[in-house]
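J.: Provide a 3D model corresponding to the input given below.
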Amino acid sequence: MNEHTVDTIIRDRARITPERVAIDERGRAWTYGELDVRSDELAHGLRHGERVSTLTGNSGEHVALMFACAKAGAILHPISWRLAPAEIAYQLDDAEPSVFLVEEEHRELADAAIALARVAPPRELSASNSLLQGHASDTDPLLLIYTSGTTGKPKGALLTHANCFWTNLSFDLATGLRPDDIVLQVLPQFHCGGWNVQSILAWWKGAKVVLERGFGPARALELIERERITTMMGVPANYLFIAQEPRFEQADLSSLRLAVVGGAPMPEALLDVWAARGVDIVQGYGLTEAAPNVLCLPPEDARRKAGFAGKPYPYVTCDLSDDGELLVRGPNVFPGYWRDDEATAEAFRDGWLLTGDVAERDEEGNYRIRGRLKDMVVSGGENVYPAEIEAVLHEHPAVAEAAVVGVPDERWGEVCAAFVVLTASVADDELRTHCGAHLARFKVPKTFTVVDELPRNSMGKIQKSALELHA
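T.: Numbers count the residues shown, from 1 in each chain. The predicted model follows:
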């Protein structure tokens, strides 16, 4: 008997509270009953195990498709519309979807990607009256989320129904959502957090999700007031931009009882700004491979344990390796990467997920993230691997060598800075344009510095710590 599949969430809600509003999408209300019916229609056109790629902004239709995949045992592969065509083409070739659904707004981007892809053009999806062709089990994948890779190529992390079930249950036990909550959802649905941090849990509990296509600080502030938002999730940059709105000090935030932050540590000064407005902040730490919830710092410890990510969520176990790397295990941890046994094997040691992050643990069991073993930059909540950018820079005919490091940035937390050794003179703008043609905008380095040579140690490895001092 399968008890942990995500399709049961919408089936149960449609039976118990069919008329209750599940999604408010810019005034278009989806009841739980309507969401169940629409996901049934879409599910009948899907087959068990097939990949369904999407290029879309947040929408109720996308939610219905996710539940359709859950019902049919298909795998939803949401692609970031922030990516360049070449990056999207790589994901299509790797995932080999049989269905590719594109929102009209992103049609030009999709066409450019398909032109570069080797995979056969996926078929269109149409609702069918035929019998449902498959069903899901706990161990079946539901989401295929690509993460940037240290080797320069993204890897597809598979998240099962059980992963999603347990991570949402543990999130609820730690932070709590209520049936009468009104959740503001601004995280993009191409992120794991767009599903497993509040949204799926809200539909599990019968709450209402105010679903935004994207994030705008003025719009978010307006919605908090008008819709009487009770809880929301964002990265530190979201909360910074809202706090910088001219109306922030006078805005009515009385309904907002809980704000969840992830993706990067929340600066203490920004914590103080929100605390002064009476809003409790729940901080945490996670990664896609853990679906994503790992550590949680409750509001009562926000000031006392400033700088810490907190303790493991219920059902999650953490430890530190001899070299200080944070290790994770639990039912939320993914089974592996799509069609990449080698990368999957490298991600685990003795049953523990290797996070690549260096941490310390205090006497109370709270963890603080100190740095990264993996060469990664977190910019505006987005994970960026310098290896991916360096690979693109090396394709430019004037670039002999390239190294990219993360540097502090007041607005985005971190941004990328590139150091290049050239064989011919080239302007910064040309390098920036070259990167922009192959990479998402947030991955394009903010600065380009020409150097005679890159600093290396005795083994010939580039010393990025020396570059960071001069960035």
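
J.: mind exporting the C-alpha coordinates of stretch 348-355 to PDB?
T.: The C-alpha coordinates for stretch 348-355 follow below in PDB (Å, rounded to 0.1, in the frame of the first residue of the first chain):
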ATOM      1  CA  PHE A 348      27.200   9.700  -0.600                       C
ATOM      2  CA  ARG A 349      29.500   8.100   2.000                       C
ATOM      3  CA  ASP A 350      28.400   5.300   4.200                       C
ATOM      4  CA  GLY A 351      24.800   6.200   3.700                       C
ATOM      5  CA  TRP A 352      25.300   9.900   4.400                       C
ATOM      6  CA  LEU A 353      24.600  12.700   1.900                       C
ATOM      7  CA  LEU A 354      27.700  14.800   1.500                       C
ATOM      8  CA  THR A 355      26.600  18.500   1.400                       C
END
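
J.: what's the mean pLDDT across it?
T.: Average pLDDT, stretch 348-355: 97.

J.: stretch 385-405 too?
T.: Per-residue scores along stretch 385-405 average to 90.

J.: and if you look at stretch 317-329?
T.: For stretch 317-329, the mean per-residue pLDDT is 96.

J.: mind saving the C-alpha coords of that stretch as PDB?
T.: Provided in PDB are the C-alpha atoms of stretch 317-329 (Å, rounded to 0.1, in the frame of the first residue of the first chain):
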ATOM      1  CA  THR A 317      19.800  13.500  11.000                       C
ATOM      2  CA  CYS A 318      23.000  15.500  10.600                       C
ATOM      3  CA  ASP A 319      26.600  15.000  11.600                       C
ATOM      4  CA  LEU A 320      30.000  16.400  10.800                       C
ATOM      5  CA  SER A 321      32.800  14.500   9.000                       C
ATOM      6  CA  ASP A 322      36.400  14.600  10.200                       C
ATOM      7  CA  ASP A 323      37.100  17.500   8.000                       C
ATOM      8  CA  GLY A 324      33.900  19.400   9.100                       C
ATOM      9  CA  GLU A 325      31.700  18.700   6.200                       C
ATOM     10  CA  LEU A 326      28.000  18.600   7.000                       C
ATOM     11  CA  LEU A 327      26.400  15.200   6.500                       C
ATOM     12  CA  VAL A 328      22.700  14.500   6.100                       C
ATOM     13  CA  ARG A 329      20.500  11.400   6.100                       C
END
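
J.: count the residues that sit near residue 368.
T.: The burial count assigned to residue 368 is 18, neighbours taken as other CB atoms under 10 Å. Just so you know, the C-beta spots here come from the backbone N, C-alpha and C atoms, and that holds for glycine as well.

J.: same check on residue 109?
T.: Count around residue 109 with other CB under 10 Å applied: 19.

J.: and it, how far from residue 440?
T.: 11 Å (CB to CB, to the nearest Å).

J.: okay, strands next: where are they in the stretch 251-400 of the chain?
T.: Secondary structure of the stretch 251-400 of the chain (DSSP state E, counting those that start in this stretch): strands located at 258-261, 280-286, 293-297, 311-312, 317-320, 325-329, 336-337, 348-349, 352-361, 367-372, 377-379, 382-384, 399-409.

J.: output those as CSV; include the columns distance to residue 47.
T.: Formatted as CSV, these follow (distance: least, CB to CB, whole Å):
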stretch, distance to residue 47
strand 258-261, 36
strand 280-286, 31
strand 293-297, 30
strand 311-312, 37
strand 317-320, 36
strand 325-329, 32
strand 336-337, 22
strand 348-349, 30
strand 352-361, 30
strand 367-372, 39
strand 377-379, 37
strand 382-384, 32
strand 399-409, 41
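
J.: pretty sure residue 448 sits in a strand.
T.: Yes: counting by DSSP: H, G, I helix; E, B strand; the rest coil, residue 448 is found in a strand.

J.: ok, it - contacts?
T.: Contacts were defined as CB atoms under 8 Å, 6 or more residues apart in numbering; by that measure residue 448 touches 418-420, 428, 431-432.

J.: and those, which two are furthest apart?
T.: Spanning the widest gap among those are 419 and 432, at 14.4 Å by CB to CB.

J.: follow-up on the earlier one: just the strands of the stretch 251-400 of the chain: most buried one?
T.: strand 293-297 (a mean of 28; mean count of other CB atoms under 10 Å).

J.: elements contacting that strand?
T.: Packing partners of strand 293-297 (3 or more CB pairs under 8 Å, 6 or more residues apart in numbering; DSSP states H and E): helix 161-175, strand 280-286, strand 311-312.

J.: now do that strand and strand 325-329, the angle between them.
T.: Counting by axes from the mean of the first three to the mean of the last three CA atoms, to 10 degrees, strand 293-297 lies at 110 degrees to strand 325-329.

J.: now strand 293-297: how far from the chain's centre is it?
T.: On the basis of CA atoms, centre = their mean, to the nearest Å, strand 293-297 is displaced by 15 Å from the centre of the chain it belongs to.

J.: show me what it is in contact with.
T.: Outside strand 293-297, the residues that reach it (CB under 8 Å, 6+ apart) are 167, 170-171, 174-175, 196-197, 282-287, 305, 308-313, 316, 318, 326, 328, 332, 355, 366-367.

J.: and what of stretch 203-212?
T.: So stretch 203-212 is contacted by 9-10, 13, 16-17, 20-26, 32, 35, 58-60, 63, 168, 172, 177-186, 198-199, 202, 219-220, 223, 227, 229 (CB under 8 Å, 6+ apart).

J.: that concludes my questions; thank you for your assistance.
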